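>>> mind folding the following:
(one chain, ligands or ions: 1)
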Amino acid sequence: MDRLDKLIENLASFPQLGSKSSIRFAYYLLNHKDKALSLAKDIEEAMNNIHRCNICCNYSESEVCDICSDEDRDRSTILAVENEENVLRMEKEGGYNGLYHVLGGTINLMEGIGPDEININELFKRLDGSVKEVIIATNPDVAGNATANYIKENIPDKSIKVTRIGTGVPIGGDLS
Ligand code: ZN
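Got it, this is the predicted structure:
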């Protein structure tokens, strides 16, 4: 396989790019070498320097992200979301001043994703007495509901209020 075929095949393996777009994108890269090399460098630097926050599991360049280390935020409330984009979206919209927890997916036993495959234990480890409420904002679908129910039933500190938002809230969906 020559290098161009390899590049196209590699691009096509990303869910965002079909085979047609991969071919178009590969030629675009070849026609814009400076941009392509700059992109390659940005990807490498991002992969080497962005890691999961030790507390909330969102991506961050430091061990603890800016939100978790912000003392002005309400540390008694944690909003548990499915993915990193949900955090970005909530922050863009504003109005929420508590902390977050990125679950990194939802429980989906049909697909072999149990509670240990997502960041639920990391959430439970954070409940050290300072947290009074966990708001679960997983999507209102079967997996989102199963995840919310699991958290509610297994939360180690039963004095913590567990609430569920999903339907009708401006969370999830595509970033605009
Ligand atoms: Zn964090």
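>>> can you give me the end-to-end distance of stretch 125-139?
From its first residue to its last, stretch 125-139 covers 23 Å (C-alpha to C-alpha, to the nearest Å).
>>> tell me the buried residues in that stretch?
126, 127, 131, 134, 135, 136, 137, 138, 139 (16 or more other C-beta atoms under 10 Å). In this view, the C-beta of every residue, glycine as well, is placed from N, C-alpha and C.
>>> what's in contact with it?
55, 75-82, 86, 98, 101, 103, 106, 123, 144-145, 147-148, 151-152, 155-157, 160-166, 169, 171-172 (C-beta atoms under 8 Å, 6 or more residues apart in numbering).
>>> in CSV: the buried residues of stretch 125-139, plus pLDDT, secondary structure and distance to residue 45.
As requested, these are arranged in CSV below (pLDDT from 0 to 100; DSSP: H, G, I helix; E, B strand; the rest coil; distance: C-beta to C-beta, whole Å):
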residue, pLDDT, secondary structure, distance to residue 45
126, 96, coil, 30
127, 95, coil, 35
131, 96, coil, 34
134, 97, strand, 35
135, 96, strand, 34
136, 96, strand, 34
137, 94, coil, 31
138, 94, coil, 32
139, 91, coil, 32
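>>> can I get these in JSON lines including distance to the ion?
Output for the buried residues of stretch 125-139, formatted as JSON lines (distance: C-beta to the ion, whole Å):
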{"residue": "126", "distance to the ion": "10"}
{"residue": "127", "distance to the ion": "15"}
{"residue": "131", "distance to the ion": "14"}
{"residue": "134", "distance to the ion": "15"}
{"residue": "135", "distance to the ion": "16"}
{"residue": "136", "distance to the ion": "18"}
{"residue": "137", "distance to the ion": "16"}
{"residue": "138", "distance to the ion": "18"}
{"residue": "139", "distance to the ion": "22"}
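>>> just those now: which is nearest residue 39?
residue 139 (31.2 Å; C-beta to C-beta).
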